[in-house]
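One predicted model, sequence on top.
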Amino acid sequence: MSKTAIPTAGLADAAVTTAKITDANITTAKIADDAVTTAKSTAGITMVDQWRLTTDFTGIANPITSNLEQNDSSGNGVPLGSSMTQSSGVFTFPSTGIYMIIANLQGRGNDGSSGVTDSEFRLTTKVTTDNSSYTEVAFNGTGMASGHYCATTSHYIFDVTDTTQCKCSFRVFVNVDAMTHGDSGKNETHFTFIRLGDT
Amino acid sequence: MTISFDEKGRPAHIECVLAGMHRGQWFTWTDSKNKIYANLRLSDKIGVDGNIVDNTVTELPTESAVNAKLVELQNAWDAANGG
């Protein structure tokens, strides 16, 4: 009997083994929606972390070196997966991969006592790929009148090919004695790290 | 949680005084959840021109000086805002 003459109904379930199924016959269309469980999937976000400035300061910090903590507010969802680590404001990634770095600054204009009533903030993300020379890769500026609040955000996608060489840090520049805000109870100036995928 | 300024912008905590005394991240807290004078410390390092260097501020202000400055700022804010 020719094999092509055997109808599907004539095949016992046990007759169709995994070894008899060629890879080319497994198509996306043949996979049921509920067949792909979380445990079977390697896609999706596997790492998120968030750090914040805990204490206010005026003037420039290049880089921000201290008063940083991992978000520990009630109900926080971080870290998802492995944590970032930081020393003197230099952040180290937990594994290689493509990361989104989101930097948020909350600031307050100077009090006007210097004679300058308008304040300007510049928030910069800096990265290194040799653990030495830093390049400014994201920059956002904002300004406001005395005593008013402002915020600015920047995003950068960083290819971390080597966790010992690829680092990041953040710089705040102000034109006068404006104040960058931080708090240990809620996010004001804060930094979010999301691993998007493999490098 | 520390509110340096209240919702109206009035100075409310010694942190806003400290931040105004010197530029940069010159001070820190031994317990950032409990920002009282007894927990105030000088930062070891600060960031200057892309470098991490020793803190140039070498002495903490006295508690009385910090408290007096806070009252001064509050009085100035009240006078300017009809408080």
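Good, I have the coordinates.

How many residues are close by the residue nearest to A:N187 when sequence neighbours are not counted?
Spatially, and ignoring its direct neighbours in sequence, A:N187 is nearest to A:R52 (5.1 Å; Cβ to Cβ, 6 or more residues apart in numbering or on different chains). (C-beta placed from N, C-alpha, C; glycine too.) Using other Cβ atoms under 10 Å in any protein chain shown, A:R52 has 24 neighbouring residues.

tell me the contacts of A:R52?
Going by Cβ atoms under 8 Å, 6 or more residues apart in numbering or on different chains, A:R52 touches A:L68, A:E69, A:N71, A:G182, A:D183, A:S184, A:N187, A:E188, A:T189, A:H190, A:F191.

again, only this time at 6 Å
Counting by Cβ atoms under 6 Å, 6 or more residues apart in numbering or on different chains, A:R52 makes contact with A:N71, A:N187, A:H190.

on contacts alone, who are the packing partners of the longest helix anywhere in chain B?
In chain B, assigned by DSSP state H, the helix with the most residues is helix B:63-81. Helix B:63-81 is packed against helix B:14-21, with contacts defined by 3 or more Cβ pairs under 6 Å, 6 or more residues apart in numbering or on different chains; DSSP states H and E.

Most neighbours among the contacts of A:R52, which one is it?
Most surrounded of the contacts of A:R52: other Cβ under 10 Å gives A:H190, at 20 neighbours.

Give the closest residue to the residue positioned nearest the centre of chain B in space, chain neighbours not counted.
For chain B, the residue sitting closest to the mean C-alpha position, by Cα atoms, centre = their mean, is B:L18 at 1.9 Å. Of all residues not flanking B:L18 in the chain, B:F27 sits nearest, at 5.4 Å (Cβ to Cβ, 6+ apart).

do B:R10 as well
B:W77 (4.9 Å).
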